[in-house]
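**Student:** my questions concern the predicted model and sequence given below.
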Amino acid sequence: MSSRTVTWTAPPADPAAATEGLRERKKRLLRQQLSDTATEMFMARGFDAVRVTEIAEACGVSEKTVYNYFPTKESLILDRWDATMASLRTALAEPGSAPVEAALRILADELGGLTAWLARQQDPVQAGRTVVRFGDMLRGTAALRAHQRDMADQLVAVAAEILAARAGLRPDDPEPQIAATALLGLWEVQFGRLRKYLDGSRTPAQVHEAVTADVERAARVIAAGLNSLALDACADGSGDR
């Protein structure tokens, strides 16, 4: 199976794409081509063995063009985190929304995109093995692990800032810090359960059901603590301690 169709490595499609102009469409398609080509080459030869110039040559563009679309080599295959961060900013800032429920909605969308892709493949089992190999490459490559840790730290910082603002606290106060850290831990749970259930014995729908059930189990453990934050408190200066 070619990984040139691995839409699970790319951010969700922008609804605005339906009305985009020719220039925007060409840019979007080139960006996807660069990411798909990089994914295929990295998985075939290893991340460290592939140079950005080789990816550029394979796509018929300059190395500079690649960096115009992706600031780092790592972001060629790890830019989904940008979409997750945008979704978190919107969902957590919504007045009256429970943090755990907001996170579960985002996770459900991301999982749905992956399992829908699996269901469209001629051989979903082999496609699942490809997803597992992709995860193995991420875990087995120091540069990619470091990039993921950096992105996770940024996500925690963003979540802590929003939760603190809603609770009338400072972002570095212990309550928003631990709340944000616990919340982002749900992504680790989802990734881990995907690896467990993509064992070839389940259909994409069954994988979706099993992963969702386990993520919701984890969410129940942290929900009480997260929901105890006095969110949407009126600003009274208590966050300036």
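**Tutor:** Noted; the coordinates are in hand.
**Student:** CA atoms of whichever strand or helix holds Lys64 as CSV?
**Tutor:** Following DSSP states H and E, one finds Lys64 within helix 63-69. Backbone C-alpha positions of helix 63-69 (Å, rounded to 0.1, in the frame of the first residue of the first chain) are rendered in CSV as follows:
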residue,chain,number,x,y,z
GLU,A,63,14.4,22.8,-1.0
LYS,A,64,13.4,26.4,-0.2
THR,A,65,9.9,25.7,-1.4
VAL,A,66,9.7,22.8,1.0
TYR,A,67,10.7,25.1,3.9
ASN,A,68,8.2,27.7,2.8
TYR,A,69,5.5,25.1,3.6
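**Student:** may I see the buried residues of it?
**Tutor:** Of all the residues in helix 63-69, those buried under the rule 16 or more other Cβ atoms under 10 Å are 66, 69. To be clear about C-beta, it is placed using only N, CA and C from the backbone, and glycine gets the same treatment.
**Student:** what sits up against it?
**Tutor:** In this structure, residues lying in contact with helix 63-69 by Cβ atoms under 8 Å, 6 or more residues apart in numbering are 27, 30-31, 34, 52-53, 55-56, 59, 76.
**Student:** which two among those are spaced furthest apart?
**Tutor:** Using Cβ to Cβ, the contacts of helix 63-69 span at most 20.9 Å, a distance reached by Lys27 and Thr53.
**Student:** pick the one among the contacts of helix 63-69 closest to Met41.
**Tutor:** When the contacts of helix 63-69 are ranked by distance to Met41 (Cβ to Cβ), Ile55 comes first, at 6.3 Å.
**Student:** need the helices for the protein, in chain order.
**Tutor:** Chain-ordered helices for the chain, with DSSP state H as the definition, fall at 22-45, 52-59, 63-69, 75-78, 80-93, 99-120, 124-140, 142-167, 174-197, 204-227.
**Student:** in JSON lines: these, plus mean pLDDT.
**Tutor:** Rendered in JSON lines, the data for the helices of the chain read as follows (pLDDT from 0 to 100):
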{"stretch": "helix 22-45", "mean pLDDT": "94"}
{"stretch": "helix 52-59", "mean pLDDT": "97"}
{"stretch": "helix 63-69", "mean pLDDT": "97"}
{"stretch": "helix 75-78", "mean pLDDT": "93"}
{"stretch": "helix 80-93", "mean pLDDT": "91"}
{"stretch": "helix 99-120", "mean pLDDT": "95"}
{"stretch": "helix 124-140", "mean pLDDT": "94"}
{"stretch": "helix 142-167", "mean pLDDT": "94"}
{"stretch": "helix 174-197", "mean pLDDT": "95"}
{"stretch": "helix 204-227", "mean pLDDT": "93"}
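**Student:** go through those helices and pick out the most buried.
**Tutor:** helix 75-78 (a mean of 22; mean count of other Cβ atoms under 10 Å).
**Student:** which helices and strands sit right next to that one?
**Tutor:** If you count contacts as 3 or more Cβ pairs under 8 Å, 6 or more residues apart in numbering; DSSP states H and E, helix 75-78 packs onto helix 22-45, helix 142-167.
**Student:** of those helices, which is nearest Ala91?
**Tutor:** helix 142-167 (9.3 Å).
**Student:** and the angle from the closest one to helix 174-197?
**Tutor:** 140 degrees (axes from the mean of the first three to the mean of the last three Cα atoms, to 10 degrees).
**Student:** packing partners for helix 142-167?
**Tutor:** Contact here means 3+ Cβ pairs under 8 Å, 6+ apart; on that basis helix 142-167 packs against helix 75-78, helix 80-93, helix 124-140, helix 174-197.
**Student:** relative to helix 80-93, how tilted is that helix?
**Tutor:** With the same axes, to 10 degrees as the criterion, the two stretches helix 142-167 and helix 80-93 enclose an angle of 10 degrees.
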